[in-house]
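got a sequence here, can you build the structure:
(one chain, ligands or ions: 1)
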Amino acid sequence: MSRKDKEKEYRGFEQGPIRPPSEAASLLIRVTRNCPWNRCTFCPVYKGADFSLRPVEHVVSDVDAVAGSLAEILRLAQAPGGLTRDGVAALMERLAPHERPAFSAALNWYAAGMESVFLQDANSLIVKPAGLVSVLSHVKKRFPWVRRITSYARSHTVARIAPEDLAAIREAGLTRIHIGMESGSDRVLAMVKKGSTKADHVKAGQRVKAAGIELSEYVMPGLGGRELSSEHATETADALNQIGPDFIRLRTLAVSPGTPLAEAREKGAFTRASEVETAQEILLFLEKLTAAGAYLASDHILNLFEDLEGRLPEAKPAMLESVRSFLALPPAARTLYQVGRRMGLFRGLADMADPNLAARARAVVEHLSITPENVDDTIYRIMQQFI
Ligand code: SF4
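Alright, predicted model coming up:
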């Protein structure tokens, strides 16, 4: 059977490898497989995996399979004795192996509150608008209580969707789009082969907003390396100011082993910015950022400051203060903070005042002989574990 024939055959409920951190409680419905672009030099997620569209009827079958399992779970939950481990095991036992993934997905979703659905994988908006409308309508039909249906999308794709099609997609139920902007600098975007320009990002973002869909933009501090750090900060802030997204999420660059960016770094073609330089870049980015009404979050262990959080412009002074305070620390104290942060002890600078947490971070600094001179390389090795 050829690859194309295999793709036409329904192989049961599928889930892709990733979703945004904010979609941890969402039901994952796989609309396409992998990434249609797959060339970003920093991204390890889908390398070596072919992209394919899933036929709409397969996605509909997945939704029906979850709905069927959910009906069984709800029936058990409402029966005398409720949902017990033994009851769930007995239900699972009766299922054929190919039916179990949908049952597990339904069970996890039930436990998480069944409020949201995330369409996978990297760029569901590449599906023809009519197909996406069919999928969304079916999700709404089977799960009418759902409050949020979201998806990843590429700016290059969204910028080419007609406003009336985006409006139809919103009407059918898509409430939020997550876009990996990474940078607003054309030089940085070209360097990392993002396949989207600043103009694409701005056009796509403005179209999403105009269609009445919530927009979450991901920004990657450090992506310009040392050479393009300032331009990366100012151009990204400018693009976001023009778009006015609902959410801005920071996710600092971690150079993943085996990626083209790691190769460029080894050859000396890309110079990773130090953590202090990245903090200076974030400070410049925040100084230039207006994007009134956007909620900025920095909720990832790859980020040096997890406590940069809040709605703009009100939260901006505290964010600036946080980064400036870090930069004003003596080198040894900065090192202590960096290590404590990567150990998950500190969320922000204020946590250094906790003597217990500070003592634990200090013990590691001493044990591993970490100094201001070698802290970046040590942190780099630690960060590889979080990718
Ligand atoms: S578009 Fe997204 S998923 Fe695809 S290669 Fe780039 S970063 Fe990775």
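
secondary structure element for Glu93, which one?
Following DSSP states H and E, one finds Glu93 within helix 85-94.

and the average pLDDT for the very next helix or strand once past that helix is what?
Remark: after helix 85-94, the chain's next helix or strand is helix 100-112, criterion DSSP H and E. For helix 100-112, the mean pLDDT works out to 96.

just checking, what packs against helix 100-112?
When contacts are defined as 3 or more Cβ pairs under 8 Å, 6 or more residues apart in numbering; DSSP states H and E, helix 100-112 packs onto strand 27-30, helix 56-78, helix 85-94. No exception for glycine: its C-beta is placed from N, CA and C like everyone else's.

hang on, the earlier thing: which positions in the helix holding Glu93 come out as buried?
Applying a neighbour-count criterion of 16 or more other Cβ atoms under 10 Å, one finds Gly87, Val88, Leu91 buried in helix 85-94.

what are the contacting residues of it?
With Cβ atoms under 8 Å, 6 or more residues apart in numbering as the test, helix 85-94 has contacts from Glu72, Ile73, Leu76, Ala79, Gly81, Arg100, Phe103, Leu107.

for it, the averaged confidence score.
Averaged across helix 85-94, pLDDT comes to 88.

relative orientation of that helix and helix 100-112 in degrees?
Orientation of helix 85-94 against helix 100-112 (axes from the mean of the first three to the mean of the last three Cα atoms, to 10 degrees) gives an angle of 150 degrees.

contact partners for the residue of the stretch 251-387 of the chain found nearest the ligand?
Using Cβ to the nearest ligand atom, the single residue of the stretch 251-387 of the chain nearest to the ligand is Thr259, 9.8 Å away. Residues near Thr259 by Cβ under 8 Å, 6+ apart: Thr41, Phe42, Cys43, Pro44, Lys47.

go again using 7 Å as the cut-off
Contacts for Thr259 were tallied using Cβ atoms under 7 Å, 6 or more residues apart in numbering; they are Thr41, Phe42, Cys43, Pro44.

one more: Ala102?
By Cβ under 7 Å, 6+ apart, the contact set of Ala102 is Phe13, Asp62, Ala65, Val66, Ser69.

how about Glu309?
The contact partners of Glu309, by Cβ under 7 Å, 6+ apart, come to Leu296, Ala297, Ser298, Ala315.

how about the residues of this protein by the ligand?
Residues of the chain lying near the ligand by Cβ under 6 Å from any ligand atom: Cys35, Trp37, Asn38, Cys40, Cys43, Val45, Tyr46, Ala122, Arg154, Gly180.

and with 5 Å instead?
By the rule Cβ under 5 Å from any ligand atom, the part of the chain lying against the ligand is Cys35, Trp37, Asn38, Cys40, Cys43, Ala122, Gly180.

let me know the outermost residue of this structure.
Pro80 (40.6 Å; Cα atoms, centre = their mean).

now it, what are its backbone angles?
When read as degrees, to the nearest 10, the backbone of Pro80 gives phi -60, psi 130.

so the residue in the stretch 51-200 of the chain positioned nearest to the ligand versus Glu99, what's the distance?
Residue nearest to the ligand within the stretch 51-200 of the chain (Cβ to the nearest ligand atom): Ala122, separated by 3.7 Å. According to Cβ to Cβ, to the nearest Å, Ala122 stands 27 Å off from Glu99.

more crowded one of the two?
Ranked by neighbour count (other Cβ atoms under 10 Å), Ala122 and Glu99 place Ala122 first, with 25 against 15.

the more buried one: what secondary structure?
coil (DSSP: H, G, I helix; E, B strand; the rest coil).

related to what we said a few turns ago, what about the contacts of helix 85-94, which one has the most neighbours?
Among the contacts of helix 85-94, the one with the most neighbours (other Cβ under 10 Å) is Phe103, at 22 neighbours.

can you name the residues that contact it?
Ser69, Met92, Leu95 are the contacts of Phe103 under Cβ under 7 Å, 6+ apart.

low-confidence bits of the chain, can you list those?
Applying pLDDT under 70 to the chain flags residues 1-7, 383-387.

can you give me the strands in it?
Counting by DSSP state E, the chain has strands at residues 27-30, 32-33, 52-53, 116-120, 148-153, 176-182, 214-219, 247-250, 295-297, 310-311.

got those as TSV, with mean neighbour count columns?
Converted to TSV, the strands of the chain look like this (neighbours: other Cβ atoms under 10 Å):
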stretch	mean neighbour count
strand 27-30	23
strand 32-33	20
strand 52-53	16
strand 116-120	25
strand 148-153	24
strand 176-182	25
strand 214-219	22
strand 247-250	22
strand 295-297	19
strand 310-311	14
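
quick one: closest of those strands to Gly195.
When the strands of the chain are compared by Cβ to Cβ, strand 176-182 sits nearest Gly195, at 10.7 Å.

what pairs with Ile149 across the strands?
Val117 (DSSP bridges).

wait, isn't it in contact with Ala172?
No. Judged on Cβ atoms under 7 Å, Ile149 makes no contact with Ala172 at a distance of 8.9 Å.

which one of the contacts of Thr259 is nearest to Pro55?
Sorting these by distance to Pro55 puts Cys43 at the head of the list, at 26.5 Å, by Cβ to Cβ.

find the nearest non-adjacent residue to that closest one, please.
Spatially, and ignoring its direct neighbours in sequence, Cys43 is nearest to Thr259 (6.9 Å; Cβ to Cβ, 6 or more residues apart in numbering).

and that neighbour, how far from Leu320?
32 Å.

for Leu95, same thing?
Leu95 sits at a distance of 54 Å from Leu320 (criterion: Cβ to Cβ).

please apply the same query to Pro44.
Per Cβ to Cβ, Pro44 is found 33 Å from Leu320.

one step back: residue contacts, the residue of the stretch 51-200 of the chain closest to the ligand?
With contacts defined as Cβ under 7 Å, 6+ apart, Ala122 is in contact with Asn34, Cys35, Tyr46, Tyr152.
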